[in-house]
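Participant: Dropping the sequence and predicted coords here.
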Amino acid sequence: MMIPKLHRLSCIKELEQAQAFIVKAGFYNHIPIITKLIAFSSLSPLGSLPHACALFQETSMDDSFICNTMIRAYSNTVFPLKALLIYNRMQRMDVDSDHFTYNFVLRACARAIKCTEMDDQCFGHHIISRKGSEIHARILKLGFDQDHHVQNSLLLVYSGSGLVGFARLIFNEMTVKTAVSWNIMMSAYNRVHDYKSADVLLESMPQTNAVSWNTLLARYIRLNNLVAARKVFEEMPERDVVSWNSIISGYVNVKDYKGALDLFHSMKQWNIRATEVTFISILGACAELGALEIGKKIHDSLKEKHYRIEGYLGNAIVDMYAKCGELGLALEVFNEMEMKPVSCWNAMIMGLAVHGHCERALEMFDSMKAEDGDHKPNRITFIALLIACSHKGLLAEGRHFFSLMVTKYKIMPDLKHYGCMIDLLSRWGFLEEAYVMIKTCPFSSCSVLWRTLLGGCRLHRHVELGEESFRKLAELEPGKDGDYVLLSNIYAEEERWDDVERLRKEMINYGVCKKAGSSHNSRRHGEEEKGLRWTLKSWALFSKFLIYNFQSVRGAQPTAFVTNCFFMGFSCFPLEPNTNIAFVCQNHMEMNPICPKSVKLSLA
DNA sequence: CTAGGGTTAG
């Protein structure tokens, strides 16, 4: 019989075969063997953490080496808290801990802090920081504080908590400072924006390596300063995958998705092998561009390489499919994921919501609650749910979710939540209620809310509230072309032509320029429209578009349409040459498949 | 065994 070589497994299937063999041969209680199985399943990108977890639970869970392996595995996932749970169990069960344990558990803390930061949970952030200090105390008690790996991890935790002072104290007292220590210390200063100290450190380092330069690169990327980042990237003495990943994520951050894809291609030419992180960034770019083909190709190649589609990676794929409108494929990947982070549920709910499957989005929320585990809904979950309600006019459900998030989940609604709520109310005709809500909420001076209400007033022909919202907008953020158009539409529908004319004159007097465009184009195609100018062709397209629109909005009042033309016609011509209408028109006319969320013109 | 790069928002 073939004896499987545990150190040379190439996928989870082979692992299962090996495992069957081991059981059959009666070695299932053999600690070194089971350790190898767990190590492979949990640490290899081809393994499966849930599988490791199942194996782990079948042991007596009292072996330090195995516990360490599990902690290490979890410390690098979307569920770093699970590592802390295993650590707590170890303490409870009196399992011996060693310097490895502390190294890994501290790294889990550092990551957990990072995760809570992403989620804006200052509460959780605080608690985990305290857990870090608790572990530190234990380290001192047991005398592991002289181990330089443990010291480095302590630096990580304190730098994550923003306690640079503490980090520096540990750093100063370290007898062995490796390049790792210097780099962590430097990124700690970067994190609290103390760039001077970071630079001093970089200058005085005994030797720099790729990581040092990557740390500097990450600083500029976090500041969205792509020019400086690019300069560092080009001039750094050594470059590795992480440098590439950083610069790619920089392009994604500033929404230059094409730039990111170009870099991804030139990376191949330099013979740099893409990593999971590369794919995550690139999949994000595909999602925003609606570039389904590229995204699918990446997914296929990952499957071919037997990558485990979990955590961040699974999330990115689900989100890519959902944004591209391939909800079936998204669901398929989603269902195959064994450990779903909240973000993944959110991506799925959001995908269903924006593509009109609102009831299914709400059902998803129910199954999210039903599934045992620790995925609690967060602020984004509720944004997604409210969007779903808004699309279908589910008033009662919307109100229910809005109060549920406060009472049950203790999430304070932010501007976005109010935005969704106002959208829901005013879109479905509850204008007075929306008005009261804006007036009484903490964001009553935010123009977006008033603009949403104004849109609702136009839809439901409510002149008084429309005028009131417009007055508010003129006060808060004067000179917005779209606001004039909306109010003028309201007047036009009531055939109040004098008011329309008055508004148009006012607009010209204030020098407000009508910028036609979609709700997405400026964000989505930041670079692309720059080269486009107003040519005869674009005007031709534009007028074709107007006619097309006129014909397609059969139910709408022609008067409103006529006013739009009127507005556009008079105030569009003197626009600067770089306007993006041409691009929008082309997009709309050709129903460009690259654009998943359909481009809506404000005049439609 | 270590640092640097990564997710969701009308």
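Facilitator: Received it, and whenever you're ready, just let me know what you need.

Participant: which residues touch the residue of chain A at minimum distance from DNA strand B?
Facilitator: Nearest residue of chain A to DNA strand B, counting by C-beta to the nearest atom of the strand: A:Gly419, 2.2 Å away. Placement of C-beta: from N, CA and C, glycine included. When contacts are counted by C-beta atoms under 8 Å, 6 or more residues apart in numbering, A:Gly419 touches A:448-449, A:452.

Participant: Same check on A:Gly250?
Facilitator: A:220-221, A:224, A:226, A:229.

Participant: let's go with 7 Å and repeat that
Facilitator: When contacts are counted by C-beta atoms under 7 Å, 6 or more residues apart in numbering, A:Gly250 touches A:221, A:226, A:229.

Participant: so where is chain A shaky, pLDDT-wise?
Facilitator: A:1-8, A:119-123, A:372-375, A:511-604 (pLDDT under 70).

Participant: who in the stretch 151-300 of chain A is up against DNA strand B?
Facilitator: A:152, A:156, A:178-180, A:183-184, A:187, A:209-212, A:214-215, A:218, A:221-222, A:240-243, A:245-246, A:249, A:252, A:275-278, A:280-281, A:284 (C-beta under 7 Å from any atom of the strand).

Participant: Just the buried subset of those residues, please.
Facilitator: Using 16 or more other C-beta atoms under 10 Å as the burial test, those include A:152, A:156, A:180, A:183-184, A:187, A:210-212, A:214-215, A:218, A:221-222, A:241-243, A:245-246, A:249, A:252, A:276-278, A:280-281, A:284 as buried.

Participant: From these, which land in helices?
Facilitator: A:152, A:156, A:180, A:183-184, A:187, A:210-212, A:214-215, A:218, A:221-222, A:241-243, A:245-246, A:249, A:252, A:276-278, A:280-281, A:284 (DSSP state H).

Participant: how about the helices of the stretch 101-250 of chain A, start to end?
Facilitator: Per DSSP state H, counting those that start in this stretch, the stretch 101-250 of chain A carries helices over the ranges A:122-142, A:148-160, A:164-173, A:179-191, A:195-204, A:210-222, A:226-235, A:241-253.

Participant: Tell me which of those is the most buried.
Facilitator: helix A:148-160 (a mean of 24; mean count of other C-beta atoms under 10 Å).

Participant: now it: how far from the chain's centre is it?
Facilitator: Chain-centre distance of helix A:148-160: 27 Å, with C-alpha atoms, centre = their mean, to the nearest Å.

Participant: Could you list every helix and strand in contact with it?
Facilitator: helix A:99-118, helix A:122-142, helix A:164-173, helix A:179-191 (3 or more C-beta pairs under 7 Å, 6 or more residues apart in numbering; DSSP states H and E).

Participant: Let's see the longest one as PDB, backbone CA atoms only.
Facilitator: Looking back up the chat, that one is helix A:122-142. C-alpha atoms of helix A:122-142 as PDB (Å, rounded to 0.1, in the frame of the first residue of the first chain):
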ATOM      1  CA  CYS A 122     -13.600  51.300  19.500                       C
ATOM      2  CA  PHE A 123     -15.100  49.300  22.300                       C
ATOM      3  CA  GLY A 124     -13.700  46.000  21.000                       C
ATOM      4  CA  HIS A 125     -10.500  47.700  20.300                       C
ATOM      5  CA  HIS A 126     -10.200  48.800  23.900                       C
ATOM      6  CA  ILE A 127     -11.000  45.300  25.200                       C
ATOM      7  CA  ILE A 128      -8.500  43.600  23.100                       C
ATOM      8  CA  SER A 129      -5.800  46.100  23.900                       C
ATOM      9  CA  ARG A 130      -6.400  45.200  27.600                       C
ATOM     10  CA  LYS A 131      -6.200  41.500  26.800                       C
ATOM     11  CA  GLY A 132      -2.800  42.300  25.200                       C
ATOM     12  CA  SER A 133      -1.600  43.900  28.400                       C
ATOM     13  CA  GLU A 134      -3.000  41.000  30.400                       C
ATOM     14  CA  ILE A 135      -1.000  38.600  28.300                       C
ATOM     15  CA  HIS A 136       2.000  40.800  28.700                       C
ATOM     16  CA  ALA A 137       1.700  40.600  32.500                       C
ATOM     17  CA  ARG A 138       1.600  36.800  32.200                       C
ATOM     18  CA  ILE A 139       4.700  36.800  30.000                       C
ATOM     19  CA  LEU A 140       6.600  38.800  32.600                       C
ATOM     20  CA  LYS A 141       5.500  36.500  35.300                       C
ATOM     21  CA  LEU A 142       6.600  33.400  33.400                       C
END
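
Participant: do that helix and DNA strand B meet?
Facilitator: No - against DNA strand B, helix A:122-142 shows no contacts by C-beta under 7 Å from any atom of the strand, the least distance being 12.3 Å.

Participant: next one: that helix to chain centre, how far?
Facilitator: 28 Å.

Participant: Please report phi then psi for the residue of chain A closest to DNA strand B.
Facilitator: phi -60, psi -50 (degrees, to the nearest 10).

Participant: Give me the neighbour count for A:Val333.
Facilitator: A total of 24 residues lie near A:Val333 under the criterion other C-beta atoms under 10 Å.

Participant: List the contacts of it.
Facilitator: Counting by C-beta under 7 Å, 6+ apart, A:Val333 makes contact with A:309, A:314, A:317-318, A:321.

Participant: Now tabulate these in JSON lines and tack on secondary structure.
Facilitator: Supplementary listing: the contacts of A:Val333 in JSON lines, determined by DSSP: H, G, I helix; E, B strand; the rest coil:
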{"residue": "A:Ile309", "secondary structure": "coil"}
{"residue": "A:Gly314", "secondary structure": "helix"}
{"residue": "A:Ile317", "secondary structure": "helix"}
{"residue": "A:Val318", "secondary structure": "helix"}
{"residue": "A:Tyr321", "secondary structure": "helix"}
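
Participant: list the helices and strands the strand or helix carrying A:Leu404 packs on?
Facilitator: Following DSSP states H and E, one finds A:Leu404 within helix A:395-407. Identification of packing neighbours for helix A:395-407 by 3+ C-beta pairs under 7 Å, 6+ apart yields helix A:379-392, helix A:415-427.

Participant: List the contacts of the longest one.
Facilitator: Just to be clear, that refers to helix A:379-392. Here helix A:379-392 has contacts from A:342, A:345-346, A:349-350, A:353-354, A:356, A:358, A:361-362, A:365, A:397-398, A:401-402, A:405, A:411, A:414, A:416-417, A:420-421, A:423-424, A:427, using C-beta under 7 Å, 6+ apart.

Participant: Mark which of those residues are buried, thanks.
Facilitator: Of those, these count as buried by 16+ other C-beta under 10 Å: A:342, A:345-346, A:349-350, A:353-354, A:358, A:361-362, A:365, A:397-398, A:401-402, A:405, A:411, A:416-417, A:420-421, A:423-424, A:427.

Participant: Could you work out the end-to-end span of stretch A:53-73 for me?
Facilitator: 10 Å (C-alpha to C-alpha, to the nearest Å).

Participant: Mind listing what's buried along it?
Facilitator: Across stretch A:53-73, burial judged by 16+ other C-beta under 10 Å covers A:53, A:55-56, A:59, A:63, A:65-73.
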